[in-house]
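Q: quick one, what's the 3D model for this:
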Amino acid sequence: YKDIPSKLVFYAAPHDVSKTISYLYESLGDRKVFLVKEITKVYETVLCGMLSSLSIDNPKGEFVIIVDGAKKEIIELSDDEIIDELTLLISQGIDKKQAINDISKKYQISKNVVYKLAIEL
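A: Next up, the predicted model:
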């Protein structure tokens, strides 16, 4: 679950909620968290904070823990680095169109940007 970019949702029993939050902090790192007590009920309560600092005073009732997903690390490449990557892939026998798609997905760069650099090759 550590690398999943979408939000994570867990159910926690009242006697386990503190241990669950501690475990999530140790496993996932410090992330934003919402703790919802008695979700969809009249006395619904929402606490917001970070896994490292969220504390529960009165752990009675049902709890739903919603944790932010993993943040993708964005790697920024210079034009020269993109051209080097393109050259490497093409030298390995990958056609230019596939190399453009691969680099675009891998580094989350617009295909148009990579394509314009590929024209220079």
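Q: the spatially most central residue of the chain and Asp3, how far apart?
A: For the chain, Ala70 is the residue whose C-alpha lies nearest the centre (C-alpha atoms, centre = their mean; 2.3 Å). Plainly put, Ala70 is 5 Å away from Asp3 if you go by C-beta to C-beta, to the nearest Å. The way it works is simple: take the backbone N, C-alpha and C, and place the C-beta from them, glycine included.
Q: can you give me the strands in this protein?
A: For the chain, the strands defined by DSSP state E cover 8-12, 32-37, 45-50, 63-67.
Q: need the ones you listed in JSON lines with mean pLDDT and distance to Ile103, can you?
A: Output for those, formatted as JSON lines (pLDDT from 0 to 100; distance: least, C-beta to C-beta, whole Å):
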{"stretch": "strand 8-12", "mean pLDDT": "95", "distance to Ile103": "30"}
{"stretch": "strand 32-37", "mean pLDDT": "95", "distance to Ile103": "31"}
{"stretch": "strand 45-50", "mean pLDDT": "93", "distance to Ile103": "35"}
{"stretch": "strand 63-67", "mean pLDDT": "96", "distance to Ile103": "32"}
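Q: ok, which of these comes nearest Lys106?
A: Comparing those by their distance to Lys106 (C-beta to C-beta), the top pick is strand 8-12, with 24.9 Å.
Q: coming back round to it: can I get the strands of the chain in TSV with distance to Leu88 and mean neighbour count?
A: Output for the strands of the chain, formatted as TSV (distance: least, C-beta to C-beta, whole Å; neighbours: other C-beta atoms under 10 Å):
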stretch	distance to Leu88	mean neighbour count
strand 8-12	36	15
strand 32-37	38	19
strand 45-50	41	12
strand 63-67	38	20
